[in-house]
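Asker: Next one to model:
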Amino acid sequence: MMTREEIEMYDFTVECGVCTAEELNLVKNIKGGTWAEVINTVISVRTEYNSYEQWLQEFEEEED
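Answerer: Numbering: from 1, shown residues only. Got it, this is the predicted structure:
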């Protein structure tokens with residue numbers, strides 16, 4: 001089950017076009033672990049950032 005924070009991470013990652021929900025679900029099924037770990041893995045592979053937090057910080061700075 002996802003925590004509230006993981007749900008927000010999941011939704012925002014998909015909304016921003018980093019990946020699709022299907023891709024996240026596939027990685028979760030293959031890799032296992034928590035949703036936060038899965039999202040961090042996808043962020044690391046799909047962007048130049050090492051974590052969701054790092055990506056989010058840069059994303060927010062770009063919006064300013």
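Asker: tally of neighbours for Glu37?
Answerer: 14 (other CB atoms under 10 Å). Placement of C-beta: from N, CA and C, glycine included.
Asker: Which element, helix or strand, includes it?
Answerer: Taking DSSP states H and E as the definition, one finds Glu37 inside helix 35-46.
Asker: tally of neighbours for the nearest residue to Val18 once chain neighbours are set aside?
Answerer: Of all residues beyond its chain neighbours, the one nearest Val18 is Arg46 (5.2 Å), with distances taken as CB to CB, 6 or more residues apart in numbering. The local packing count at Arg46 equals 14, with neighbours defined by other CB under 10 Å.
Asker: same check, this time on Val38
Answerer: If you count neighbours by other CB under 10 Å, Val38 ends up with 23.
Asker: what's near enough to touch the spatially most central residue of the chain?
Answerer: Compute the mean C-alpha point of the chain, and by CA atoms, centre = their mean the closest residue is Ile39, 3.3 Å away. Ile39 is in contact with Glu6, Met9, Tyr10, Thr13, Leu24, Tyr52, counting by CB atoms under 8 Å, 6 or more residues apart in numbering.
Asker: SS state for the fourth one?
Answerer: For Thr13, the secondary-structure state derived from DSSP: H, G, I helix; E, B strand; the rest coil is helix.
Asker: wait, what's in contact with it?
Answerer: Residues near Thr13 by CB under 8 Å, 6+ apart: Cys19, Leu24, Ile39, Val42, Ile43, Tyr52.
Asker: for the protein, what helix or strand is lowest in average pLDDT?
Answerer: For the chain, the helix or strand with the lowest mean confidence is helix 52-63, at a mean of 91 (criterion: mean pLDDT, DSSP states H and E).
Asker: for it, packing partners?
Answerer: With contacts defined as 3 or more CB pairs under 8 Å, 6 or more residues apart in numbering; DSSP states H and E, helix 52-63 has these neighbours: helix 4-15, helix 35-46.
Asker: can you put those in JSON lines and add mean pLDDT and distance to Asn29?
Answerer: Conversion of those to JSON lines gives the following (pLDDT from 0 to 100; distance: least, CB to CB, whole Å):
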{"stretch": "helix 4-15", "mean pLDDT": "98", "distance to Asn29": "14"}
{"stretch": "helix 35-46", "mean pLDDT": "97", "distance to Asn29": "10"}
